[in-house]
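Student: coordinates for the following, if possible.
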Amino acid sequence: MCESRSGKNLYASTVELHGSAAAAPKKTHNESSANNNGIGGVGANVLRIIWHSLYEKYEYLRRRSGSLKLVVVRETNKPLAKKFRRSLCLNKSAKKKGYAFFLSDEDKSMPAGIPNCPRGLEYLTMVDQLLVKQKVELLEAFTGFETNNKFSIKNALGQKVYFAVEENDCCTRNICGPSRPFDMKVFDNYRNEVIHMNRPLACSACCFPCCLQTMEVSSPPGCVVGTIEQEWSICSPSFRIKNHIGDTVLRIEGPFCTFTMCGDVQFNIVSLTGESVGKISKQWSGLARELFTDADFFGITFPLDLDVRIKAVLLGATFLIDAMFFEKQANRETDRPGMF
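Tutor: A predicted model of the protein is given here:
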């Protein structure tokens, strides 16, 4: 009797587990009473109910987690819209999070693979004007302690094209002042270094004609595309712009006095025949900014069809002119008439 009863209980459990309780044989009143009174049968039913509930929860969470995983993967690989790339910090944060940079129609229309054009300078083939804005350093403004200069390079519409960062050590900046040597690194909006400039230690006074200012421009870094060399003069500053093989292609002629009130200071870019082809102008940025800081505004104009490498060299000439004539030492103006 015990064996028959246990066999029937096992059969009933199997039928109930598979949802076929209706097909099970009809139990007698005595068997039902025995099953209801059995502690083991009640415990098995409770365990089965708990197991079914947990299994349903597991299946539900598994399906939701699969959908969530697809959403996370899709959002992670989704390109970041250009309008949200408002600053370098946002780009850097997005890069750390694994976002791919978004190329808009404007970016895609940018020419690529131009002959004799270093990678990263393709945009310069489409512009004939650049605006260079130096960042105001509060520590330098209030204490006179020299810090590394930072510049934002924009097009005529005010859109940031490149940014530049000066690199040297603290002692060199505060001891050598405006004559300090430095490396200037120019980055694009994707933090790729596209131009590298090197200014060695030299003297710009007319008393030292054998040790004048120079700057070497490389693009990409390590590949020289041109140099800027100061010409010896007493009355007004002048520079030679040389290409990558050392031939002089342009000259820059400055004014007799580079200090002015409420006006711009212009350095004319002329051809070898003396024809004006552009200019580098230091723009008046306001009384407070001019008196208490050395953060300057510059505008560069050049022919649209000028060699893109020479455009990069003219950008380097802007940084050299800023360091020589408009960089204050301890917030004191040191400019004098001529090259004295």
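
Student: for the stretch 101-250 of the chain, give me the ranges with low pLDDT.
Tutor: In the prediction, the stretch 101-250 of the chain carries residues with pLDDT under 70 at positions 101-113, 138-145, 204-208.

Student: so for stretch 248-262, what gets flagged as buried?
Tutor: Along stretch 248-262, the positions that meet the burial threshold by neighbour count (16 or more other Cβ atoms under 10 Å) are 249-255, 258. The way it works is simple: take the backbone N, C-alpha and C, and place the C-beta from them, glycine included.

Student: repeat that for stretch 228-237.
Tutor: Within stretch 228-237, the residues that count as buried by 16+ other Cβ under 10 Å are 228-230, 233, 237.

Student: from the residues you listed, pick the one nearest residue 301.
Tutor: Within these, proximity to residue 301 (Cβ to Cβ) peaks at residue 228, which comes in at 17.1 Å.

Student: correct me, but that closest one touches residue 214?
Tutor: Yes - with contact taken as Cβ atoms under 8 Å, residue 228 and residue 214 are classed as touching, separated by 6.6 Å.

Student: mind checking the SS state of residue 229?
Tutor: When states are read from DSSP: H, G, I helix; E, B strand; the rest coil, the local structure at residue 229 comes out as strand.

Student: what's near enough to touch it?
Tutor: 212-214, 239-240, 242 (Cβ atoms under 8 Å, 6 or more residues apart in numbering).

Student: burial check on residue 178, number of neighbours?
Tutor: Neighbourhood size, residue 178 [other Cβ atoms under 10 Å]: 17.

Student: ok, what's across the strand from the closest residue to residue 158 other than its chain neighbours?
Tutor: Counting by Cβ to Cβ, 6 or more residues apart in numbering, residue 158 lies nearest to residue 131, which is 7.4 Å off, once chain neighbours are set aside. When bridges are assigned using DSSP bridges, the partners listed for residue 131 are residue 154, residue 299.

Student: what's near enough to touch residue 131?
Tutor: 153-156, 158, 297-300.

Student: for PyMOL, what selects the buried ones among those residues?
Tutor: This is how PyMOL selects the buried members of the contacts of residue 131, with burial counted by 16+ other Cβ under 10 Å:
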select buried, resi 153+154+155+297+298+299+300
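
Student: and which of the contacts of residue 131 is nearest residue 276?
Tutor: Among the contacts of residue 131, and counting by Cβ to Cβ, the member closest to residue 276 is residue 300, at 13.8 Å.

Student: need the pLDDT of that closest one.
Tutor: As predicted, residue 300 sits at a pLDDT of 95.

Student: pretty sure it sits against residue 316.
Tutor: No - the pair residue 300 / residue 316 is not scored as a contact, 10.7 Å apart, by Cβ under 8 Å.

Student: just the element for residue 62, please.
Tutor: The secondary structure element spanning residue 62 is helix 39-76 (assigned by DSSP states H and E).
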